[in-house]
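Peer 1: Take this sequence and fold it.
(one chain, ligands or ions: 2)
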Amino acid sequence: MPDWLLYTGSRHPHDGIDRLPPPPPWRAFDGEPVLRTPEGGSGNEHQATTYRPSDDAVQQVNAALYLRRPLLVTGPPGTGKSTLAYAVAHELGLGPVLHWPITSRTTLRDGLYQYDPLTRLYAAGREGAPSEEDIGRYIRLGPLGTALLPYGRPRVLLIDEIDKSDIDLPNDLLTIFEKGEYEIAELTRRADPSAEVMTADGPSPSPHPPPSRGRAPLDWPGARVTVTAGTVRCNAFPLVVMTSNGEREFPPAFLRRCVTVELRQPAGEAELAAIVREHLGPLADQSDDLVRRFFERSSAGTLATDQLLNAVYLCRHADAEDRRSLADRIMPYLSGPIDDD
Ligand SMILES: Nc1ncnc2c1ncn2[C@@H]1O[C@H](COP(=O)(O)OP(=O)(O)OP(=O)(O)O)[C@@H](O)[C@H]1O
Ligand SMILES: [Mg+2]
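Peer 2: Ligands and ions are numbered 1, 2, ... in the order given. Below you'll find the predicted structure:
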């Protein structure tokens, strides 16, 4: 394993991130005060500890870490694009993954922060006097907004299925990633533009708490941080993992600023069998016929690794006379020919 690799794909946590050299001068950020990464696992320990990355994926993750650039991960369904983010967070001890699932309606603002003025007004009415100090209780940073806080170690931000986004989102993101900072307009226009706001870490706020609790909906017991001068500026640039199923081409300006990696289905039966064993342990015994069947069928259409995992699990428990036909029904083609055998 070459020495420069911090993330190795070993699945065992270590402190390799401490060897990350300073950024290239054009990607240096100086947000302060420097924050500690929240304690805790990646948020998906089974996936993180069973993931076997390709050599290419390992190398490109490290390139993204060194260069402080987002990583664009493409590939067919089920090839482990999303799981890669959890695996890196687990091995390098980068704390909980900040997950931002994208739909056609997602805006940049959703990822940065939410401000809830109505609840603030309601609380002010209930408590008698509006308080100028309390605005931070009604501002909650989103996954992107949290990832750009001045953490001393990179947070992992998973921007999942970015190809589903509105056409403008990739370019909006570029601007934010170039600057490594954003403003919270609701704070900058105040006389005192500093506030203690909530982050995306911790439990989600309930949208409708019972009034008797006397707490604002966004006042949940999660992490809070102080934002000064209404601006959030990163320190260690986050590891941004953006996944795409290839439903959209990205503009050259976007691609130029990313590190890219394309994931593929495991190349051989041995690699696939190793993944099955990783996930299912002894339950994977005597599953060679199903692994072979998966390979035969995947030459004719798209299948995903987790379909095979489901088939192996089910065939182990179901008392089926014909394992092969049961497995075929659990592994329908995701695209390609209609299953007619
Ligand atoms: N290389 C691998 N090693 C171990 N498990 C894998 C690997 N690739 C995929 N898997 C398993 O396959 C399943 C699907 O992975 P994941 O959801 O990350 O895929 P994806 O590429 O994000 O799929 P989609 O495009 O549908 O979002 C998970 O259970 C994951 O653990
Ligand atoms: Mg995914």
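Peer 1: Give the next helix or strand downstream of the lowest-mean-pLDDT helix or strand in the chain.
Peer 2: Sorted by mean pLDDT, DSSP states H and E, the helices and strands of the chain end with helix 117-127, the least confident at a mean of 75. Once the chain leaves helix 117-127, the next helix or strand it forms, by DSSP states H and E, is strand 139-141.
Peer 1: any residues touching that next one, and which ones?
Peer 2: With contact meaning C-beta atoms under 8 Å, 6 or more residues apart in numbering, strand 139-141 is reached by 112-116, 149, 184, 186-187, 195, 197-200, 205, 218, 225, 232. (C-beta placed from N, C-alpha, C; glycine too.)
Peer 1: let's see it at 6 Å
Peer 2: 113-115, 197-200, 218 (C-beta atoms under 6 Å, 6 or more residues apart in numbering).
Peer 1: show me what contacts the residue in the stretch 151-300 of the chain positioned nearest to ligand 2?
Peer 2: Among all residues of the stretch 151-300 of the chain, Thr243 sits closest to ligand 2, at 5.3 Å; criterion: C-beta to the ion. Applying C-beta under 6 Å, 6+ apart, we find Thr243 in contact with 73, 81-82, 160-161.
Peer 1: ok, now with 7 Å
Peer 2: Thr243 makes contacts with 73, 81-82, 160-162, as judged by C-beta atoms under 7 Å, 6 or more residues apart in numbering.
Peer 1: Now whatever residue of the stretch 51-200 of the chain ends up closest to ligand 1: phi and psi?
Peer 2: Nearest residue of the stretch 51-200 of the chain to ligand 1, counting by C-beta to the nearest ligand atom: Gly80, 2.8 Å away. Main-chain dihedrals, Gly80, degrees, to the nearest 10: phi 100, psi 20.
Peer 1: Quantify the burial of it by counting its neighbouring residues.
Peer 2: 26 (other C-beta atoms under 10 Å).
Peer 1: Do a quick rundown of the strands in the stretch 201-341 of the chain.
Peer 2: 224-227, 231-233, 239-244, 259-262 (DSSP state E, counting those that start in this stretch).
Peer 1: Just the residues contacting the second one, thanks.
Peer 2: Residues from elsewhere that reach strand 231-233 (C-beta under 7 Å, 6+ apart): 29, 31, 145, 148-150, 180-183.
Peer 1: and these, which are buried?
Peer 2: 29, 31, 145, 148-150, 180, 182-183 (16 or more other C-beta atoms under 10 Å).
Peer 1: wait, which of the residues you listed is closest to Asp322?
Peer 2: Gly145 (52.8 Å; C-beta to C-beta).
Peer 1: Sketch out the low-pLDDT regions of the stretch 151-300 of the chain for me.
Peer 2: 202-222 (pLDDT under 70).
Peer 1: again, 90 this time
Peer 2: Across the stretch 151-300 of the chain, the ranges flagged by pLDDT under 90 are 190-192, 202-224, 246-249, 265-268, 286, 295-300.
Peer 1: Run through the helices of the stretch 151-300 of the chain in chain order.
Peer 2: Using DSSP state H, counting those that start in this stretch, the helices found in the stretch 151-300 of the chain span residues 169-179, 185-188, 252-256, 269-280, 288-298.
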